[in-house]
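A.B. asks: build the 3D model from these lines:
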Amino acid sequence: MDQETLGSVVLLAIVTLISVVQNAFFASKVEHESKHCNGKGIQRPGSSAFDRVYTANQNCGHAYPTFLAVLWCAGLLCSQAPAAFAGLMYLFVRQKYFVGYLGERTQSTPGYLFGKRIILFLFLMSVAGILNYYLIYFFGSDFEMHIKTITSAISPLLLIP
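C.D. replies: As a prediction, this is how the structure comes out:
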């Protein structure tokens with residue numbers, strides 16, 4: 001793979017690898033809670049502490065494929081840096097959601113809602129990239145620089161709760 005191609009995906013790859021480490025952390029929390037509650041390997045639901053950790057892990061796992069799809073689509077079709085920034089923000093709020101779910105379930109709501117907003121942003125970036133492709137294909141108009149400028153300007157707004 002040449003340096004130019006690698007440079008266009010390296011940030012996305014870094015965010016993906018960080019998300020893998022985060023998934024391993026979540027799984028280790030489930031394993032730890034299972035052993036702590038039962039003392040013999042994986043426990044079935046029944047302990048409220050185990051249930052919370054297990055459910056938080058499952059909820060994060062259910063949204064993970066969607067996150068990866070929109071992260072990579074937004075980064076490849078639109079702009080890598082804002083997509084990677086949004087991906088890091090998503091991982092942060094997913095951590096907040098997981099930790100919040102371990103307390104009272106209402107503590108996880110802000111992380112969940114913020115995560116949905118980031119997924120929407122990545123989805124809209126992907127759609128903008130696809131629309132730009134078809135504008136070039138059918139009309140010869142390239143709005144790539146405008147789209148990159150807009151997404152770079154909007155991505156810091158994701159920090160506003």
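
A.B. asks: what ranges does this protein have for its helices?
C.D. replies: Under the criterion DSSP state H, the chain contains helices at 3-7, 10-38, 48-77, 80-102, 109-139, 144-154.

A.B. asks: which of the ones you listed is buried the deepest?
C.D. replies: Ranked by mean neighbour count under mean count of other C-beta atoms under 10 Å, the helices of the chain are led by helix 80-102, which reaches a mean of 20. C-betas here are computed from N, CA, C, even on glycine.

A.B. asks: by contact count, what packs against it?
C.D. replies: Contacts defined by 3 or more C-beta pairs under 8 Å, 6 or more residues apart in numbering; DSSP states H and E place helix 80-102 against helix 10-38, helix 48-77, helix 109-139, helix 144-154.

A.B. asks: go again with 6 Å.
C.D. replies: Packing partners of helix 80-102 (3 or more C-beta pairs under 6 Å, 6 or more residues apart in numbering; DSSP states H and E): helix 10-38, helix 48-77, helix 109-139.

A.B. asks: would you list those in CSV and tack on mean pLDDT?
C.D. replies: Shown next, in CSV, are those (pLDDT from 0 to 100):
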stretch, mean pLDDT
helix 10-38, 91
helix 48-77, 91
helix 109-139, 90
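
A.B. asks: right, so of those, which gets closest to L157?
C.D. replies: Relative to L157, the nearest member of the helices and strands packed on helix 80-102 by C-beta to C-beta is helix 109-139, separated by 8.8 Å.

A.B. asks: got the angle for the closest one vs helix 48-77?
C.D. replies: 20 degrees (axes from the mean of the first three to the mean of the last three C-alpha atoms, to 10 degrees).

A.B. asks: sorry, back to before: Y101: which of the helices and strands packed on helix 80-102 is closest?
C.D. replies: Across the helices and strands packed on helix 80-102, Y101 has its closest neighbour in helix 48-77 (3.7 Å, C-beta to C-beta).

A.B. asks: determine how far that closest one lies from the middle of the whole chain.
C.D. replies: Using C-alpha atoms, centre = their mean, to the nearest Å, the distance from the centre of helix 48-77 to the centre of the chain it belongs to is 7 Å.
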